[in-house]
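Return a 3D structure for these sequence lines:
(2 chains)
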Amino acid sequence: DAKTTQPPSMDCAEGRAANLPCNHSTISGNEYVYWYRQIHSQGPQYIIHGLKNNETNEMASLIITEDRKSSTLILPHATLRDTAVYYCIVRVGGAGAQKLVFGQGTRLTINP
Amino acid sequence: DAGITQSPRHKVTETGTPVTLRCHQTENHRYMYWYRQDPGHGLRLIHYSYGVKDTDKGEVSDGYSVSRSKTEDFLLTLESATSSQTSVYFCAISESSGNTIYFGEGSWLTVV
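Numbers count the residues shown, from 1 in each chain, chains lettered A, B, ... in the order given. You can find the predicted model right below:
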């Protein structure tokens, strides 16, 4: 079962920051938080991941709370092409394959 | 984009026939995965591989087998296709345990 909880849908105006929340209250100390998105029926696209510290890359920022029980993905200037389903994933597994377990995600709609 | 090629991209087959989907990677990554995606279920792991000839089952492995005779190829076989195996199949790869997992563009399989 997925170890994360996300709102099923969100809306955001084009040009504004989109803030997508995720709860992962049972996360273990060595588990990372990963974010992917899926546009239409394309393959999931990696966005960002983190363990404890906040992370930023060219696509987004990831804010993880100090207790690590929740996180927020921030798309700083959303565009229409950011409309997609966003998945927050806690990476499970030990020394083996490090599998990903997907939940239902958040359907983000960017409005003009 | 990660060098992942799935083939065929689209296939229609009849119930009871064998089907093989191929995932080919040019990244020399050790880990490869097969997921399926269905409405209301998100992505679910079928099988994965952590090296040549090293494979293991995922959460929905019944009715599927895999083989990995070369680092670059991971084959998913439906020995006798059923209508319940109509789905979109995604291959994924990662360099090692703990590294980011990247997905292919998907193979659409319809079993009639």
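
how far away is the closest residue to chain B within chain A from A:P76?
Residue of chain A nearest chain B, by CB to the nearest CB: A:G43 (3.7 Å). The C-beta positions use only the backbone N, C-alpha and C, and glycine is treated the same way. Using CB to CB, to the nearest Å, A:G43 is found at 24 Å from A:P76.

And the pLDDT at residue 92?
Chain wasn't specified; assuming chain A. Per-residue confidence (pLDDT) for A:V92: 64.

nope, chain B
94.

Kindly report the same for the one 3 residues further on.
Confidence per residue is given as pLDDT, and for B:E95 that number is 85.

what's near enough to touch it?
B:E95 sits next to B:27, B:29-31 when contact means CB atoms under 8 Å, 6 or more residues apart in numbering or on different chains.

Compare neighbour counts for A:G43 and A:P76 and give me the winner.
A:G43 (24 against 13; other CB atoms under 10 Å in any protein chain shown).

Quick check: the residue of chain A closest to chain B is in a strand.
No. Using DSSP: H, G, I helix; E, B strand; the rest coil, the assignment for A:G43 is coil, not a strand.

List the contacts of it.
B:90, B:103-106.

ok, and of the residues you listed, which contact chain A?
Filtering these for neighbours of chain A using CB under 8 Å from any CB of the partner chain leaves B:90, B:103-106.

Compare the residues you listed and tell me which is most surrounded.
B:G104 (28 neighbours).

Phi first, then psi, for that one.
Dihedral angles of B:G104 (phi, psi; degrees, to the nearest 10) stand at phi -80, psi -180.

B:S84 too?
Dihedral angles (degrees, to the nearest 10) for B:S84: phi -70, psi -10.

From B:G63, how far out is it?
From B:S84 to B:G63 the distance is 8 Å (CB to CB).

on that earlier part again, restricted to strands, list the ones next to chain A among the contacts of A:G43.
B:90, B:103 (DSSP state E).

Please enumerate the helices of chain B.
Taking DSSP state H to define them, one finds no helices in chain B.

So which elements touch the lengthiest strand in it?
Determined from DSSP E, the single longest strand within chain B is strand B:42-51. Under the contact definition 3 or more CB pairs under 8 Å, 6 or more residues apart in numbering or on different chains; DSSP states H and E, strand B:42-51 sits against strand B:31-38, strand B:54-57, strand B:64-70, strand B:73-78.
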